[in-house]
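In: The following block contains a protein sequence and its predicted model.
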Amino acid sequence: MKKWFLHILFLAGLFGVLTTSCSQEEDDPTQESRKAQVVFTLALDGQSSGSRGTWEEYSPSDIGEGIDNRINPDQFHVQIIAGGKTYTVSNILTLPKGDNVYEFMGEVSIDASANDARIMVYANMNTPSASTFETSYTSTNPYGVQYIPMWGVQTVSLSLSPGTRTTLNEPIYLLRAMAKVEINLTAEGYTLEGVTLNRYNPTGYNLPAGAADVENTKKLHYDNENPLSFKPCTTTTGEDLDFSVSNNHLVFYLPEVANSAGENELVMTLSLKKGKETVTLQAPYLYFRQYTDGKAEGATPFDVVRNHWYQYNITAINTSIEVDLGIFYQVMDWTPINNGTLTFGGESGAIHTPAQSN
């Protein structure tokens, strides 16, 4: 069965100098002698088995880029689990290393060595113990959240003692807790006015299913194999989520959703115009399924999985036959081009987005 390797799709480190070992050096005289310091980077691996050979084009002008890679420093936490104890990394500093490249340094009150210390990063969460997040889709908050929760883990051989600085040369890979959905209409003469999703999860889990035991974020995968990533919330259900569209392009974000064939299958209904006239289609629907020649195929629909990007490009519209839409569809790991655009501590760049409401 095919594996979906879920990598972080957001960069805060240089790939060329990364190795799998740790290095330790004496700190400068300003370091507090009672604490150890830890230096680490956050990174993505754009190429591996299960992913594309080259990164997809994702230019800075694309809708949604700001929220894709945005971290709130007030919701940024790091923990180290060593020797059966959990330690909190405090006084975390952001160290710019170049354009959109960041390194992080923090202090920890620990004097221990461990061959399997787990370093965990919690981004855009109020506390590491916060299990869920809520969405609210409004015209002033069109993406449902201001910051997408992200989580990652790396297991290393670690030796910390007061008065020293340890640099973790292996990056920590983050995983977004939401999926990205993109719809683009290129059929000449038509305008996409709106999209309605029949059901969704207003609540999502911050951490993936296998977070408690997995040693490295990259080892999480989907498709019914352990350690699992997929962990949809099933306590609440929202219905009829409406999105307004501008310039025939829509991007929105969803917590994970378990999909199933039948009455509860996820369906997006499109509202179209040709000129000033409303267009009535026999089947104005988009599904989370494999598409062949513009038609949804397969007996089992796709789940909406965290850190995946679902793209629909509508290239043709025919009002005279049952298959109304010519659709190019793909699901892929959510990867920006080059080094991505990390935003840490602000909202750099305007986020141009269609208005949405529920």
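Out: Received the coordinates, thanks.
In: Could you list the low-confidence segments of the stretch 151-300 of the chain?
Out: Regions of the stretch 151-300 of the chain meeting the criterion pLDDT under 70 cover residues 222-224.
In: now the strands for the stretch 151-300 of the chain?
Out: 164-168, 172-173, 175-176, 178-185, 190-200, 203-205, 221-222, 238-244, 249-255, 267-274, 277-279, 285-287, 290-292, 295-297 (DSSP state E, counting those that start in this stretch).
In: For residue 127, find the nearest of the ones you listed.
Out: strand 203-205 (14.6 Å; CB to CB). Every residue, glycine included, has its C-beta placed from N, CA and C.
In: Does anything pack onto the closest one? Which helices or strands?
Out: Strand 203-205 sits against strand 132-134, strand 249-255, with contacts defined as 3 or more CB pairs under 8 Å, 6 or more residues apart in numbering; DSSP states H and E.
In: Just send the ones you listed back as CSV, with distance to residue 76 too.
Out: Listed next are the helices and strands packed on strand 203-205 as CSV, based on distance: least, CB to CB, whole Å:
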stretch, distance to residue 76
strand 132-134, 15
strand 249-255, 20
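In: just the ones you listed: most buried one?
Out: Among those, the stretch with the highest mean neighbour count (mean count of other CB atoms under 10 Å) is strand 249-255, at a mean of 24.
In: Tell me what angle that strand forms with strand 190-200.
Out: For strand 249-255 against strand 190-200, the angle by axes from the mean of the first three to the mean of the last three CA atoms, to 10 degrees is 10 degrees.
In: So which residues lie in contact with strand 249-255, not counting its own?
Out: 62-64, 67, 133, 135, 137, 142-145, 148, 177-185, 192, 195, 197, 200-205, 232-233, 243, 304, 306, 353-354, 356 (CB atoms under 8 Å, 6 or more residues apart in numbering).
In: Repeat the analysis, applying 6 Å as the threshold.
Out: The contact list for strand 249-255 (CB atoms under 6 Å, 6 or more residues apart in numbering) reads 63-64, 143-144, 178-184, 195, 200-201, 204, 243, 304, 354.
In: what about the closest residue to residue 215 other than its chain neighbours, neighbour count?
Out: Spatial nearest neighbour of residue 215, chain neighbours left out: residue 155 (3.8 Å); criterion: CB to CB, 6 or more residues apart in numbering. Applying other CB atoms under 10 Å, we find 18 residues neighbouring residue 155.
In: if we can go back for a sec, dump the strands of the stretch 151-300 of the chain to CSV, plus distance to residue 312.
Out: As requested, those are arranged in CSV below (distance: least, CB to CB, whole Å):
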stretch, distance to residue 312
strand 164-168, 39
strand 172-173, 27
strand 175-176, 20
strand 178-185, 5
strand 190-200, 10
strand 203-205, 22
strand 221-222, 20
strand 238-244, 13
strand 249-255, 9
strand 267-274, 8
strand 277-279, 17
strand 285-287, 6
strand 290-292, 8
strand 295-297, 11
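In: nearest to residue 72, of these?
Out: strand 175-176 (14.0 Å).
In: returning to what we had before: nearest to residue 160, of the helices and strands packed on strand 203-205?
Out: strand 132-134 (31.3 Å).
In: Can you list the neighbours in contact with the longest strand along the chain?
Out: Determined from DSSP state E, the single longest strand within the chain is strand 85-98. Applying CB under 6 Å, 6+ apart, the external contacts of strand 85-98 come out as 38, 78-80, 102-108, 110, 344.
In: buried residues in it?
Out: By 16 or more other CB atoms under 10 Å, the buried positions in strand 85-98 come out as 87, 89, 94.
In: roughly how far apart are the first one and residue 256?
Out: The gap separating residue 87 from residue 256 is 30 Å, by CB to CB, to the nearest Å.
In: I am finished for the moment; much appreciated.
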